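Novice: Structure here, sequence nowhere to be found:
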């Protein structure tokens, strides 16, 4: 497995030193309180420590307590995902300030769901950056560890009569990573696993049907969206409406489903996709008024009448 991006020499040595320390001292994992204190006094040290914990298997990598994930309870499904750093949040530690959202625009970076709500908290940011550093430190170890977690979660769900759904890019946009993890986990698990994602990659042949992937629309890529509309693919659209306003029933001639109620939008999308019909995954513009205005200025959100 080839490495897609790399840590700076300083970050590489910082994480490596923590990996060595954890190998020497079996009880060396900091408590959340200790980690919070360290992050306030020495953010880099805290990030390197947590990255090493992910690499050595001391901490689980996947996320299972997001707001929309919790709303999936009672559906017969359990879901989890991977929260890496969006765009260049971890750029200071990566060679060339590598971005994890190569198709992003200003209109989606500032109001990004990855940094909203709990994601704005220091420990959430710390964890996102630490996971990203763990991936850049050794991609093969990281991908295998995530796949192993997914297989274990699928077995636990299956024994309880539930199904597992996994979203690899909760805040990032790495389609290659979604593919690699899905391939490993599906091969190893005796239970079915559904992988799904959002992306701004407009390649219509992206990953085939091995994953449910909805392409994110904005006015910046309207021409590309128009080319996708006849192809029977899911397209996510952020509507400039409040949480109390209903989503439109159609957009650009295609039916709209609710992508806000819970994260398992593919359940409602599947009948349309099986019939090779395009379906719009409708989202609402959220966040502070400041972030909403940035999203509007960046042409991220559309009016329902469009």
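Specialist: Structure's in. What do you need? Predicted model only: the values in this text are computed from it and were never measured.
Novice: Kindly provide the distance from the nearest residue to residue 174 once chain neighbours are set aside to residue 85.
Specialist: Leaving aside its sequence neighbours, residue 174 sits nearest to residue 100 (Cβ to Cβ, 6 or more residues apart in numbering; 5.9 Å). Where C-beta positions appear, they are placed from N, C-alpha and C, glycine not excepted. Residue 100 sits 6 Å away from residue 85, taking Cβ to Cβ, to the nearest Å as the criterion.
Novice: residue contacts, residue 148?
Specialist: residue 188 (Cβ atoms under 8 Å, 6 or more residues apart in numbering).
Novice: buried ones in the one helix or strand it maps to?
Specialist: Taking DSSP states H and E as the definition, residue 148 sits inside helix 139-159. In terms of neighbour count (16 or more other Cβ atoms under 10 Å), helix 139-159 has its buried residues at 139, 141-147, 149-151, 153-154, 157-158.
Novice: looking only at pLDDT, what's the mean for stretch 55-74?
Specialist: Per-residue pLDDT over stretch 55-74 has a mean of 74.
Novice: oh sorry, the question was meant for stretch 284-300
Specialist: For stretch 284-300, mean pLDDT is 71.
Novice: Find the residue closest to residue 96 in space, skipping its chain neighbours.
Specialist: Counting by Cβ to Cβ, 6+ apart, residue 96 lies nearest to residue 5, which is 7.8 Å off, once chain neighbours are set aside.
Novice: Distance of that neighbour relative to residue 16?
Specialist: Taking Cβ to Cβ, one finds residue 5 at 17 Å from residue 16.
Novice: Now for residue 100 and residue 85: what residues contact both?
Specialist: Shared contacts of residue 100 and residue 85 (Cβ under 8 Å, 6+ apart): 132, 172.
Novice: how many other residues sit next to residue 92?
Specialist: Using other Cβ atoms under 10 Å, residue 92 is surrounded by 12 other residues.
Novice: and it, which of the three is it?
Specialist: Three-state call for residue 92 (DSSP: H, G, I helix; E, B strand; the rest coil): helix.
Novice: So what touches stretch 11-20?
Specialist: With contact meaning Cβ under 8 Å, 6+ apart, stretch 11-20 is reached by 6-7, 44-45, 48-49, 51-52, 55-56, 93-94, 133-134, 136-137.
Novice: quick one: which of these is nearest residue 196?
Specialist: For the contacts of stretch 11-20, the residue nearest residue 196 by Cβ to Cβ is residue 134; the value is 23.0 Å.
Novice: what are the ranges of the helices in the protein?
Specialist: 9-24, 32-41, 43-55, 67-70, 106-109, 122-137, 139-159, 175-188, 222-228, 265-274, 289-297 (DSSP state H).
Novice: Need those in CSV (columns: distance to residue 258).
Specialist: CSV is the format used below for the helices of the chain (distance: least, Cβ to Cβ, whole Å):
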stretch, distance to residue 258
helix 9-24, 41
helix 32-41, 35
helix 43-55, 34
helix 67-70, 12
helix 106-109, 20
helix 122-137, 26
helix 139-159, 24
helix 175-188, 23
helix 222-228, 20
helix 265-274, 7
helix 289-297, 19
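Novice: Going by mean pLDDT, which of those comes out lowest?
Specialist: Mean pLDDT per stretch puts helix 67-70 lowest among the helices of the chain, at a mean of 50.
Novice: Relative to residue 167, which of the contacts of stretch 11-20 is nearest.
Specialist: The shortest gap between residue 167 and any of the contacts of stretch 11-20 belongs to residue 134, at 18.4 Å (Cβ to Cβ).
Novice: Surely residue 201 and residue 175 touch.
Specialist: Yes: counting by Cβ atoms under 8 Å, residue 201 does reach residue 175; the two are 5.5 Å apart.
Novice: Looking at those two, which is more packed in?
Specialist: The neighbour comparison of residue 201 against residue 175 (other Cβ under 10 Å) goes to residue 175, with 21 against 16.
Novice: Distance of the residue positioned nearest the centre of the chain relative to residue 261?
Specialist: Compute the mean C-alpha point of the chain, and by Cα atoms, centre = their mean the closest residue is residue 170, 1.6 Å away. From residue 170 over to residue 261 the distance is 17 Å, taken as Cβ to Cβ.
Novice: Show the contacting residues for residue 186.
Specialist: Listed by Cβ under 8 Å, 6+ apart, the contact set of residue 186 reads 193, 195.
Novice: Can you give me the distance of it to residue 213?
Specialist: From residue 186 to residue 213 the distance is 15 Å (Cβ to Cβ).
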